[in-house]
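A.B. asks: Here is my input, please return the structure:
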Amino acid sequence: MTDAPEETEAGATPAPERRNFYGRVHGKTLRGSQKTYLAEDLGKLSLGGVTVDENPARAPLDPVAVFGDRPLWLEVGFGGGEHLVHMAARYPDIGIIGCEPFVNGIAMLLGKIRSAGVTNLRIHPGDVRDLFDVMPDGCFGKVFLNYPDPWPKARHHRRRFVTQGYLQALARVMRPGAEFRVATDIPDYVRQTLEEVPQAGFVLERQAGQGQAWEDWISTRYEQKALREGRAPHYLTFRRKG
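C.D. replies: Residues are numbered from 1 along each chain as shown. The predicted model follows:
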């Protein structure tokens, strides 16, 4: 992660360090309805002041200005949005931010938001590291990482979310005692998660397998695909150390 830029002696703010981003941003051609969702709904549901273009000085955001005094949760990489909308509907007194750079997934989420009518949800349609940069310390009480990109090749494991570059920043924005949930169908992702997450200031609270998901879990399209292909899900729960 990069630190907030410091002002130079001349008073100018240097440009933030450029980050590499790996993964898909665009997929198959969007349907007409999905293009409508993006045009009409994305702007009003997106958090402002997150990207470097919007906020080059990386000034901290004020979640209270968006969600009031509600507790705040985060989903990193919401895929098609099933879980995110489910949690927003189930917990209307919680404010939830979903982060996802994949345009097709964003469009699917916007359609689900219209259908469900949830109003306690906001989106960052981009790199979660940009969001981490501008969120205040200890603001999230629960964070979800569901079926993240597995990056199966060994040389790509450093691109996984469960590496210190992401996890240290995540730990900073989670309050002491906050819950971090990870769901994956990749055994090696479980291995790396169990190795890396405790190094960032978390304690493993629960490790469970198929049929033992969280009480408020909704099975996503990615989990259903894994089950059809014979891969068993794993559910890991961590707590942020105090």
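
A.B. asks: all contacts plus neighbour counts: C-alpha atoms, from now on.
C.D. replies: Noted.

A.B. asks: Just give me the residue closest to the centre of the chain.
C.D. replies: V76 (1.3 Å; C-alpha atoms, centre = their mean).

A.B. asks: Model confidence for the nearest residue to N146 once chain neighbours are set aside, exactly?
C.D. replies: Distances taken as C-alpha to C-alpha, 6 or more residues apart in numbering place A183 nearest to N146, at 4.7 Å, with adjacent residues excluded. According to the prediction, A183 has pLDDT 98.

A.B. asks: Ok, G32 next?
C.D. replies: Confidence score, pLDDT, at G32: 77.

A.B. asks: Tell me how many other residues surround it.
C.D. replies: Counted with other C-alpha atoms under 10 Å, residues neighbouring G32 total 8.

A.B. asks: so how far is S46 from it?
C.D. replies: Distance from G32 to S46, counting by C-alpha to C-alpha, to the nearest Å: 21 Å.

A.B. asks: Ok, L110 next?
C.D. replies: Distance from L110 to S46, by C-alpha to C-alpha: 11 Å.

A.B. asks: what do you get for T163?
C.D. replies: T163 is 27 Å from S46, by C-alpha to C-alpha.

A.B. asks: How about V173?
C.D. replies: V173 sits 19 Å away from S46, going by C-alpha to C-alpha.

A.B. asks: need the contact list for the residue nearest to N146.
C.D. replies: 145-147, 233-236 (C-alpha atoms under 8 Å, 6 or more residues apart in numbering).

A.B. asks: Sort out which one of the residues you listed lies nearest L227 for me.
C.D. replies: Checking those against L227 by C-alpha to C-alpha gives P233 as the nearest, at 7.7 Å.

A.B. asks: Give me the neighbour count for the closest residue to that closest one other than its chain neighbours.
C.D. replies: Spatial nearest neighbour of P233, chain neighbours left out: D185 (4.3 Å); criterion: C-alpha to C-alpha, 6+ apart. Here the number of neighbours of D185 (other C-alpha under 10 Å) works out to 24.

A.B. asks: Over to G81?
C.D. replies: Other residues near G81 come to 23 when the count uses other C-alpha under 10 Å.

A.B. asks: Need the phi and psi values for the residue nearest to P233.
C.D. replies: Per-residue torsions, D185: phi -110, psi 10 (degrees, to the nearest 10).

A.B. asks: isn't it right up against P148?
C.D. replies: No - applying C-alpha atoms under 8 Å, one finds D185 not in contact with P148, separated by 9.5 Å.

A.B. asks: re the thing from before, look up which residues are beta-bridged to the residue nearest to N146.
C.D. replies: N146, Y235 (DSSP bridges).

A.B. asks: mind checking how far it is from F144?
C.D. replies: A183 is 8 Å from F144, by C-alpha to C-alpha.

A.B. asks: Need the contacts of A183 in JSON lines (columns: neighbour count and distance to V203).
C.D. replies: Shown next, in JSON lines, are the contacts of A183 (neighbours: other C-alpha atoms under 10 Å; distance: C-alpha to C-alpha, whole Å):
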{"residue": "L145", "neighbour count": "18", "distance to V203": "16"}
{"residue": "N146", "neighbour count": "22", "distance to V203": "19"}
{"residue": "Y147", "neighbour count": "23", "distance to V203": "20"}
{"residue": "P233", "neighbour count": "22", "distance to V203": "21"}
{"residue": "H234", "neighbour count": "21", "distance to V203": "17"}
{"residue": "Y235", "neighbour count": "20", "distance to V203": "14"}
{"residue": "L236", "neighbour count": "21", "distance to V203": "11"}
